[in-house]
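1. Here is my input; please provide its structure:
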Amino acid sequence: MGMIEIGPRDEINKLYNKPANRKIKYCAVVAISITLALMLAMLICMEQLTYRNLLLMKGLAGLFAIIFVVLYGVLVYRVNREYINKK
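-> Below you'll find the model as predicted:
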């Protein structure tokens, strides 16, 4: 038998699903998806890419990974700040 979660977890889920926080979450998912697509493309087409294109793709993958981390950090900060301020 499963347990029913009641309490702070439900409140936190509601905060994560607010429209502004949902937009940040989707932007973070898009950023990490672009990163994974670039890394997969580098892996598949390693022989056909010039050194300059390979460096450009690595740089863009790193940039989008950093964007993901920043967006996710902002999302967690916003949700936790709002949750703490409610108490």
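2. CA only for contacts and neighbour counts going forward, please
-> OK.
3. The lengthiest helix in the chain packs against which elements?
-> Secondary structure assigned by DSSP state H gives helix 51-86 as the longest helix of the chain. Packing contacts for helix 51-86, counted by 3 or more C-alpha pairs under 8 Å, 6 or more residues apart in numbering; DSSP states H and E, involve helix 8-16, helix 19-44.
4. for the record, mean pLDDT for it?
-> Mean pLDDT, helix 51-86: 95.
5. hang on, the earlier thing: a markdown table for the helices and strands packed on helix 51-86, including mean pLDDT and distance to residue 57?
-> Shown next, in a markdown table, are the helices and strands packed on helix 51-86 (pLDDT from 0 to 100; distance: least, C-alpha to C-alpha, whole Å):
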| stretch | mean pLDDT | distance to residue 57 |
| --- | --- | --- |
| helix 8-16 | 87 | 32 |
| helix 19-44 | 96 | 6 |
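6. The longest helix of the chain: how far from the chain's middle?
-> Computed by C-alpha atoms, centre = their mean, to the nearest Å, the chain-centroid distance of helix 51-86 equals 6 Å.
7. Most tightly packed of the helices and strands packed on helix 51-86?
-> Of the helices and strands packed on helix 51-86, the one with the most neighbours on average (mean count of other C-alpha atoms under 10 Å) is helix 19-44, at a mean of 16.
8. Grab the nearest non-local neighbour of residue 67.
-> residue 31 (6.7 Å; C-alpha to C-alpha, 6 or more residues apart in numbering).
9. Go ahead and flag the most central residue of this structure.
-> For the chain, the residue nearest the mean C-alpha position is residue 28 (3.1 Å; C-alpha atoms, centre = their mean).
10. Distance check, it against residue 83.
-> According to C-alpha to C-alpha, to the nearest Å, residue 28 and residue 83 sit 21 Å apart.
11. just to revisit the earlier point, my guess is the residue nearest to residue 67 meets residue 64, correct?
-> Yes: the pair residue 31 / residue 64 is scored as a contact, 5.4 Å apart, by C-alpha atoms under 8 Å.
12. For residue 45, what are phi and psi?
-> Dihedral pair for residue 45: phi -100, psi 30, per degrees, to the nearest 10.
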